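> need a structure here:
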Amino acid sequence: MEGKNNEYKAEFSNIERLNERLKLTLAFSKRLQLSTAVCYLRFHIPLELLHQKDVEIETILMSKMITRLNRSIRDIDTIIRVNRTDFILVIADITEDDCRVICERIIQACSERYTVDFHHVSITSNIGICMYPYGAEEPHTLKETAKVQMMEAEKSGENCFSFFNGELNEAAYRKMLIENDLPYALKKGQLYVQYQPQYHLGQRRIIGVEALIRWHHPDLGEISPAEFINYAEETGIGNSLFYWVFETVCQQIASEQNVPLKYSINLSVNQLLLDSLLLRISNLLSQYAVSASQLTLEITENIEVYTVKDVNERLYSLKEMGFTIALDDFGNGYFSISDFLKLPIDYLKLDRNFVFSLLKNKNHVGVISPIIQMAHNLNVQVIIEGIEDAQQYREWKNLNCDIIQGYFISRPLSSVVLTASIAKIEARVEEKS
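Below is the predicted model:
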């Protein structure tokens, strides 16, 4: 997986080569008054392969995909890989009708089933196209517009393509900007961490906080993690974001030595697959003199990846280092009791849909209560997030939930405000509950 990060950086540097080739092609097209198509192609690789421990399988698959892609276009056309799943094609001296034929050929060829090391894999794709000169004339605009149209094609379903018709969809344009600017957000200092307090019902106090990454975009303003985290994980940027959040939290703990809080950090499947994970976080703990016991790592409900031997062993190693482990968004997947017994879980975080479910139908207590009881029988504490008012607070307290998180307790806070607010939050919760 570390190799995939390096591969991503190498692919990203290809943009310079793309810009040069596109500039030359457009100059040639302008001089001879020819049309050129800029196509943004995205392959949709099955999730089990994106999370595959065996990197070689994905490498062979991608090689086969690129071979089919090359066979589908002409020798004079250009293909540049943008990231793990995305490509830009520059097709010179082409009409829209001929471009349509080429796109159909690409989708047809690349969607036929692949066989890799006894694995049978089906790949889908989407293509967005912007034509020069009537779609756009500037290289940057052509690329951006083609990507927006790819996102429009995705809305139509698998294996579809879409031509720019003179009007950009606002939502797709926003998504394109987010994906394009995310690689620069960290180095430009646009990302920051906020902390949402977690209130222990039995102890009647704030016992921890969840570290939440935030992005303030110079043009778009505040961007929700829901808009960029999945893309970050798919392209490999998520690993860099995780280490940055982990170090930021370590700095926070080191600066607040007298505040006995436990800090929760989201740990994705991709990070669990990193061979260097344990060493790197150990180095960060040592660098800031922070104990692993002050940190909770929140993993997602993904049964398949936890059956991988290395991943399972890595989780137990994290537990042995002193970290506590929380299973996040429980109820959003297919975990069973036997799955619990195989993993070193300390906390169970119920999916916020349970909150909405109980809000709509009180009879759902009959489903929720046994889950909490099961967790307690396994010595696992239950956290519920998304609590927004006193009534919900009391309902979940009566259900014997252990820890409450949500706007009723507190909105996410900056590191500066956090410490000064704890006593006030506790007093307000007592008063309103």
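> Please list all residues in contact with residue 204.
426, 430 (C-beta atoms under 8 Å, 6 or more residues apart in numbering). Heads up, the C-betas are built off the backbone N, CA and C, glycines and all.
> er, residue 200 I mean
Residue 200 is in contact with 206-207, 402-403, counting by C-beta under 8 Å, 6+ apart.
> Could you identify the most distant pair in these?
Of all pairs drawn from those, the greatest distance, 13.5 Å, lies between 206 and 402 (C-beta to C-beta).
> circling back: reformat the contacts of residue 200 as a markdown table; add pLDDT and distance to residue 354.
Rendered in a markdown table, the data for the contacts of residue 200 read as follows (pLDDT from 0 to 100; distance: C-beta to C-beta, whole Å):
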| residue | pLDDT | distance to residue 354 |
| --- | --- | --- |
| 206 | 96 | 22 |
| 207 | 96 | 21 |
| 402 | 97 | 14 |
| 403 | 97 | 14 |
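> Looking at these, which one is closest to residue 63?
The shortest distance between residue 63 and any of these, using C-beta to C-beta, involves residue 403 and amounts to 47.7 Å.
> Run a quick neighbour tally on that closest one.
Other residues near residue 403 come to 23 when the count uses other C-beta atoms under 10 Å.
> Phi first, then psi, for the closest residue to residue 385 other than its chain neighbours.
Closest residue to residue 385 in three dimensions, ignoring its sequence neighbours and counting by C-beta to C-beta, 6 or more residues apart in numbering: residue 405, at 4.1 Å. With angles defined as degrees, to the nearest 10, residue 405 sits at phi -140, psi 140.
> Any idea how many residues pack against residue 405?
22.
> quick one: it from residue 281, how far?
Distance from residue 405 to residue 281, counting by C-beta to C-beta, to the nearest Å: 24 Å.
> picking that back up, ok now do the residue nearest to residue 385, which residues does it touch?
Applying C-beta under 8 Å, 6+ apart, one finds that residue 405 lies in contact with 196-199, 210, 383-387.
> cool, and residue 326?
By C-beta under 8 Å, 6+ apart, the contact set of residue 326 is 264, 296-299, 345-349, 383.
> Would you reformat these as a markdown table and include pLDDT and distance to residue 93?
Rendered in a markdown table, the data for the contacts of residue 326 read as follows (pLDDT from 0 to 100; distance: C-beta to C-beta, whole Å):
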| residue | pLDDT | distance to residue 93 |
| --- | --- | --- |
| 264 | 97 | 56 |
| 296 | 98 | 58 |
| 297 | 97 | 54 |
| 298 | 95 | 53 |
| 299 | 91 | 52 |
| 345 | 91 | 60 |
| 346 | 95 | 63 |
| 347 | 95 | 61 |
| 348 | 92 | 60 |
| 349 | 92 | 56 |
| 383 | 96 | 60 |
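> hmm, back to that, for the residue nearest to residue 385, list each beta-bridge partner.
Beta-bridge pairing of residue 405, defined through DSSP bridges, involves residue 198, residue 385.
> From residue 382, how far off is it?
11 Å.
> what sits in contact with each of these two?
With contacts defined as C-beta under 8 Å, 6+ apart, no residue is adjacent to both residue 405 and residue 382.
> any idea which helix or strand carries the nearest residue to residue 378 once chain neighbours are set aside?
Closest residue to residue 378 in three dimensions, ignoring its sequence neighbours and counting by C-beta to C-beta, 6+ apart: residue 340, at 5.7 Å. When secondary structure is defined using DSSP states H and E, the element that contains residue 340 is helix 337-342.
> any idea of the mean pLDDT in that helix?
The average pLDDT within helix 337-342 is 72.
> Am I right that residue 38 is in a strand?
Yes. Under DSSP: H, G, I helix; E, B strand; the rest coil, residue 38 falls within a strand.
> quick one: contacts for the closest residue to it other than its chain neighbours?
Distances taken as C-beta to C-beta, 6+ apart put residue 142 closest to residue 38, at 4.3 Å, once the chain neighbours are dropped. Contacts of residue 142 were listed using C-beta under 8 Å, 6+ apart, and they are 22, 38, 130, 132, 135-136.
> so where do the strands sit in the stretch 151-300 of the chain?
Secondary structure of the stretch 151-300 of the chain (DSSP state E, counting those that start in this stretch): strands located at 160-163, 191-200, 205-217, 221-223, 262-266, 295-299.
> Save those strands as JSON lines, and put in distance to residue 179 too.
Conversion of the strands of the stretch 151-300 of the chain to JSON lines gives the following (distance: least, C-beta to C-beta, whole Å):
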{"stretch": "strand 160-163", "distance to residue 179": "17"}
{"stretch": "strand 191-200", "distance to residue 179": "15"}
{"stretch": "strand 205-217", "distance to residue 179": "12"}
{"stretch": "strand 221-223", "distance to residue 179": "11"}
{"stretch": "strand 262-266", "distance to residue 179": "20"}
{"stretch": "strand 295-299", "distance to residue 179": "25"}
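> of all these, which lies closest to residue 109?
Among the strands of the stretch 151-300 of the chain, strand 160-163 comes nearest to residue 109, with 13.5 Å by C-beta to C-beta.
> what comes into contact with that closest one?
Surrounding strand 160-163, the residues in contact under the criterion C-beta under 8 Å, 6+ apart are 39, 96, 99-100, 103-104, 107, 126-131, 135, 149-150, 152-154, 156.
> Those residues in strands, which ones?
Of those, the ones assigned to strands by DSSP state E are 39, 126-131.
> which among those residues end up buried?
Among these, those that count as buried by neighbour count (16 or more other C-beta atoms under 10 Å) are 39, 126-131.
> Closest one of those residues to residue 169?
Set against residue 169, the nearest of these by C-beta to C-beta is residue 128 (10.8 Å).
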